[in-house]
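A.B. asks: dropping the sequence and predicted coords here.
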Amino acid sequence: MLPFGTDANEKHLDDILSYIDEHQDEFVQNLKEWMAVPSDSSDPELRSEVTRMMNITAERIKTLGGNVEIVDMGFEKLYDGRSIPFPPAILAELEKDPAKATVCFYGHVDVQPASKEDGWKTDPYNMTEINGNLYGRGATDNKGPVLAWIHALETHKSLKQDIPVNLKFIIEGVEEIGSPGLADLIAGHLQFFSDVDYIVISDNVWLSKKPALTYGTRGNAYFFVEVESGQKDLHSGTFGGIIHEAMRDLVYILANLVDSSGHIVIPGIYDDVAPLTEEENKLYENIEFDLEEHKNSSGVDTFLYKTKEEILQHLWRQPSLTIHGIEGAFSGTGTKTVIPSKVIGKFSIRQVPNMRIPEVEKQVTKHIEDVFARLHSPNKLKVYLTIGAVPWVANIDDLQYKAAKNAVTKVFGVIPDMIRDGSTIPLAKTFHDLTQKSVMMLPIGGADDGEHSQNEKISRSNYIQGTKLFASYFHELSKLHKDLIDAKQLKN
Ligand SMILES: C[C@H](N)C(=O)N[C@@H](Cc1c[nH]cn1)C(=O)O
Ligand SMILES: [Zn+2]
Ligand SMILES: [Zn+2]
């Protein structure tokens, strides 16, 4: 093998990057096949599709030559009392050379719900390319990036080139429902992580047209609030006006969580939020972020805040409360004159440092009970936390951030922005806390990809350049890691 940093090694990488360009249609076709699987983890009826997607992923890693363990994750107890199997998780490894750095890639192949009726322009499960964009559910979140990582490795194999790092994979199928059971899986497989040097996640998007490295995410505390008036739905002509309606109680509760300025009105909720330091405050000035473009891509005319700094701080370092929906309420077209008997309001609070989920749970429960008490309603109230994902902020001085910066500069010709993300990777902090390894997010999705939205996409360019980015990252990391080991040996 040639030492890294030589011209021959540069030539190897250039061959890899050219191969990726030349095979892009094949890579796009592979993504189309993955996106045809409706692996929506939130729909119990589609659970077998998530399992099928996990098996497809496992086969692909096996074909690469990886050692794959398919881990049974047991059963999920649904809130309606049913039990359904969780999809299995994948633990895999490829290459085991003690002289090389070991990188563990984490990703998920489950997706958010999607249906044409929600307003998609194309069939969400039939990937469609329009003007250089690959539309469909999972394009950017997270099938595209997972496949791009695999393609970067397959390219090395196809060209019979040495992969400069050892690889491990942890791939799951329940990220979109908060990664239940995954923290226990990690805790029970610490041996798997013992020789891992770096953990990489590519499950978010850039903030602008400029590539970015992500060193922090918000967490999420997801709540269900259930109000029940009786055993069955009733006619609003026969019973309207004489009973305490569950829906009225719930709407009142939901209306008393957050005010029109976005301020969460739950007492104590901001108490633990980390104060803004002078040093952090300065960071926001230099980040590329086009407010108007962000508005355009969201389809919303007016944001709650006016400046870039306010917007970024409210996305990255302030909690936010979103009301997502009401289960059991009439939501179809038409004019059904029903009084729903049991309704479940769903809302979540994005968590930031130094909020603590048990404290948030207490504050939310007490607040909802107090608000409900004002109604003097005889209805039954239940409040419960269904997802408790904590925020994560990493040390950007870790070596892999430097390797990723070099790789971005090589592939995109610009130095990446260092950003945080308002969304949640439930396992990011868990990885760090349980393994004590460096964690980094290396996004390849564009700011306008529309994760979780209708018409989710990834651009062909980001998908293919992203594949090149991963290949370059292996090479840059290998060089820097080797220098680090050499320096350590010299010291001893
Ligand atoms: C960032 C990632 N692609 C993602 O979409 N994560 C989800 C995870 C989650 C949080 N609560 C429930 N699921 C998200 O941020 O919504
Ligand atoms: Zn995701
Ligand atoms: Zn997602």
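C.D. replies: Looks like it arrived, so ask away. Ligands and ions are numbered 1, 2, ... in the order given.
A.B. asks: going by C-alpha atoms from here, please, whenever you check contacts or count neighbours.
C.D. replies: Fine.
A.B. asks: would you mind pointing out the helix or strand whatever residue of the stretch 51-200 of the chain ends up closest to ligand 2 falls in?
C.D. replies: Ligand 2 sits closest to Asp141 of the stretch 51-200 of the chain, with a gap of 4.5 Å, by CA to the ion. Using DSSP states H and E, Asp141 maps to neither a helix nor a strand.
A.B. asks: what does the stretch 151-300 of the chain put close to ligand 1?
C.D. replies: Contact residues, the stretch 151-300 of the chain versus ligand 1 (CA under 6 Å from any ligand atom): Glu175, Glu176, Ile177, Gly178, Asp203, Asn204, Asn220.
A.B. asks: where along the stretch 101-250 of the chain do the strands fall?
C.D. replies: 102-108, 128-130, 133-135, 166-172, 198-201, 212-217, 219-228, 234-235 (DSSP state E, counting those that start in this stretch).
A.B. asks: thinking again about what came up before, per-residue pLDDT, the residue of the stretch 51-200 of the chain closest to ligand 2?
C.D. replies: With respect to pLDDT, Asp141 has a value of 98.
A.B. asks: same thing with Asp7?
C.D. replies: For Asp7, the model assigns a pLDDT of 60.
A.B. asks: contact partners for Pro391?
C.D. replies: The contact partners of Pro391, by CA atoms under 8 Å, 6 or more residues apart in numbering, come to Gly216, Thr217, Arg218, Gly219, Asn220, Gln351, Val352, Pro353, Thr424, Pro426, Lys429.
A.B. asks: from the residues of the stretch 151-300 of the chain next to ligand 1, which has minimum pLDDT?
C.D. replies: Lowest pLDDT among these: Gly178, with 91.
A.B. asks: OK, contacts around that residue?
C.D. replies: Here Gly178 is in contact with Ile387, Gly388, Ala389, Pro426 (CA under 8 Å, 6+ apart).
A.B. asks: in strands only, show me these.
C.D. replies: Ile387, Gly388, Ala389 (DSSP state E).
A.B. asks: hmm, back to that, quick check, nearest of the contacts of Gly178 to Glu22?
C.D. replies: Of all the contacts of Gly178, Glu22 sits closest to Pro426, with 36.1 Å by CA to CA.
A.B. asks: how near is that closest one to Lys160?
C.D. replies: Distance, Pro426 to Lys160, by CA to CA, to the nearest Å: 37 Å.
A.B. asks: show me which of those two is the more surrounded one.
C.D. replies: Remark: of Pro426 and Lys160, Pro426 carries more neighbours, 26 against 9, as counted by other CA atoms under 10 Å.
A.B. asks: got phi/psi on the more buried one?
C.D. replies: Backbone torsions of Pro426, given as degrees, to the nearest 10, read phi -50, psi -30.
A.B. asks: would you mind measuring from it to ligand 2?
C.D. replies: 10 Å (CA to the ion, to the nearest Å).
A.B. asks: can you give me the pLDDT of that residue?
C.D. replies: In this model, Pro426 carries a pLDDT of 93.
A.B. asks: give the contact list for the nearest residue to it once chain neighbours are set aside.
C.D. replies: Distances taken as CA to CA, 6 or more residues apart in numbering put Ala389 closest to Pro426, at 4.9 Å, once the chain neighbours are dropped. By CA under 8 Å, 6+ apart, Ala389 lies in contact with Gly178, Gly219, Asn220, Ala221, Gln351, Ile357, Thr424, Ile425, Pro426, Leu427.
A.B. asks: could you redo the last one with a cut-off of 10 Å?
C.D. replies: Shown in contact with Ala389 (CA atoms under 10 Å, 6 or more residues apart in numbering): 178-180, 218-222, 350-351, 356-357, 424-430.
A.B. asks: check Glu154 too.
C.D. replies: Ile20, Arg60, Ile61, Thr63, Leu64, Gly65, Ala148, Lys160, Gln161, Ile163.
A.B. asks: how about Gly138?
C.D. replies: Here Gly138 is in contact with 31, 34-40, 108-114, 124-125, 127, 144-145, 451-452, 456-458 (CA under 10 Å, 6+ apart).
A.B. asks: please apply the same query to Arg420.
C.D. replies: Contacts of Arg420 (CA under 10 Å, 6+ apart): 206-207, 212-218, 312-313, 315-317, 392-394, 441.
A.B. asks: what distance do you get for the residue nearest to Pro426 to ligand 2?
C.D. replies: Counting by CA to the ion - Ala389 and ligand 2 are separated by 14 Å.
A.B. asks: so that residue bridges to which residues?
C.D. replies: Per DSSP bridges, the residues bridged to Ala389 are Asn220.
A.B. asks: any idea how far it is from ligand 1?
C.D. replies: Plainly put, Ala389 is 7 Å away from ligand 1 if you go by CA to the nearest ligand atom, to the nearest Å.
A.B. asks: got the phi/psi numbers for the nearest residue to Glu288 once chain neighbours are set aside?
C.D. replies: Spatially, and ignoring its direct neighbours in sequence, Glu288 is nearest to Ser208 (6.5 Å; CA to CA, 6+ apart). Torsion angles at Ser208 (phi, psi; degrees, to the nearest 10) stand at phi -150, psi -160.
A.B. asks: pretty sure Ser208 is touching Asp448, no?
C.D. replies: Yes - contact criterion CA atoms under 10 Å: Ser208 and Asp448 qualify, at 8.3 Å.
A.B. asks: contact residues of the chain facing ligand 2?
C.D. replies: Counting by CA under 5 Å from the ion, the residues of the chain lying close to ligand 2 are Asp141, Asn142, Asp203.
A.B. asks: rerun at 8 Å
C.D. replies: When proximity is defined as CA under 8 Å from the ion, the chain approaches ligand 2 at Gly107, His108, Val111, Thr140, Asp141, Asn142, Glu175, Glu176, Asp203, Asn204, Ile425.
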